[in-house]
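Novice: predicted structure and sequence below. I'll ask about it afterward.
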Amino acid sequence: MSLKRFFDRRVISLLIMILLYAGIQIAASQDSAGIWEDGSTGLSWAVEDNGSDVNYSQANAYCESLTLGGHTDWRLATLEELEGLYDRNLKKQYKAKGSVNLQSANVWSGSKNSLGDSWMFNFGYGGSSISSGGGGGCGAVGRALCTRRATGK
């Protein structure tokens, strides 16, 4: 084997190892960043809710100001997106797919009816309810679970 071929193979092997290592680091940082990507919908989800019961305005502000995994375009999910995240067959208390871990059943959505009332989704039984007053009316509280469109989807 010529000396040139030997070095060409070494360089290629080194480049492959560097690229593989970089790919492993990116995947590990996504997992440790607290994000779960739903490949079927193209949505990324925060794996934890906001940690306390809040009214709609507070939930919305929480997601709009969230920086997670280097992304700042987080928002409250629509009611339909929350319904798609629900899986009644799961054995956990709050039945959200993937690695999403909720600490309370009621989660605010970004969806509103024609009167401006906010929808909330319950991950305990899979139903939705409306909160009058445009968000937080009548003392309604729930959790903020933030989502965003995954990159390249």
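Specialist: Cool, the structure landed.
Novice: all contacts plus neighbour counts: C-alpha atoms, from now on.
Specialist: OK.
Novice: find the nearest non-adjacent residue to the spatially most central residue of the chain, please.
Specialist: Using Cα atoms, centre = their mean, the residue of the chain that lies closest to the mean C-alpha position is residue 45, 0.6 Å off. Spatial nearest neighbour of residue 45, excluding adjacent residues (Cα to Cα, 6 or more residues apart in numbering): residue 147 at 4.5 Å.
Novice: where's the residue nearest to the centre of the chain, which helix or strand?
Specialist: Per DSSP states H and E: residue 45 is located in strand 43-46.
Novice: helices or strands next to that strand in the packing?
Specialist: Helices and strands touching strand 43-46, by 3 or more Cα pairs under 8 Å, 6 or more residues apart in numbering; DSSP states H and E, are strand 35-38, strand 146-149.
Novice: A helix includes residue 81, no?
Specialist: Yes - counting by DSSP: H, G, I helix; E, B strand; the rest coil, residue 81 falls inside a helix.
Novice: that one - how many residues pack around it?
Specialist: Using other Cα atoms under 10 Å, residue 81 has 16 other residues around it.
Novice: returning to what we had before: tell me the bridge partners for the residue nearest to the centre of the chain.
Specialist: When bridges are called by DSSP bridges, residue 45 pairs up with residue 36, residue 147.
Novice: can you check residue 54 too?
Specialist: residue 142.
Novice: touching, it and residue 142? I think so.
Specialist: Yes - with contacts counted by Cα atoms under 8 Å, residue 54 reaches residue 142, the gap being 5.5 Å.
Novice: which one's more surrounded, these two?
Specialist: Using other Cα under 10 Å, the more surrounded residue of residue 54 and residue 142 is residue 142, with 24 against 20.
Novice: what confidence value was assigned to the more buried one?
Specialist: On pLDDT, residue 142 comes in at 96.
Novice: which residues does it contact?
Specialist: Counting by Cα atoms under 8 Å, 6 or more residues apart in numbering, residue 142 makes contact with 52-56, 104-108, 120.
Novice: which ones among those lie within helices?
Specialist: Residues from these lying in helices, with DSSP state H as the criterion: residue 56.
Novice: now, which of the contacts of residue 142 sits nearest residue 80?
Specialist: residue 120 (10.8 Å; Cα to Cα).
Novice: relative to residue 70, how far out is the spatially closest residue to that closest one that is not a sequence neighbour?
Specialist: In this structure, residue 120 finds its nearest non-sequential neighbour in residue 108, 4.4 Å apart by Cα to Cα, 6+ apart. Residue 108 sits 23 Å away from residue 70 when distances are taken as Cα to Cα, to the nearest Å.
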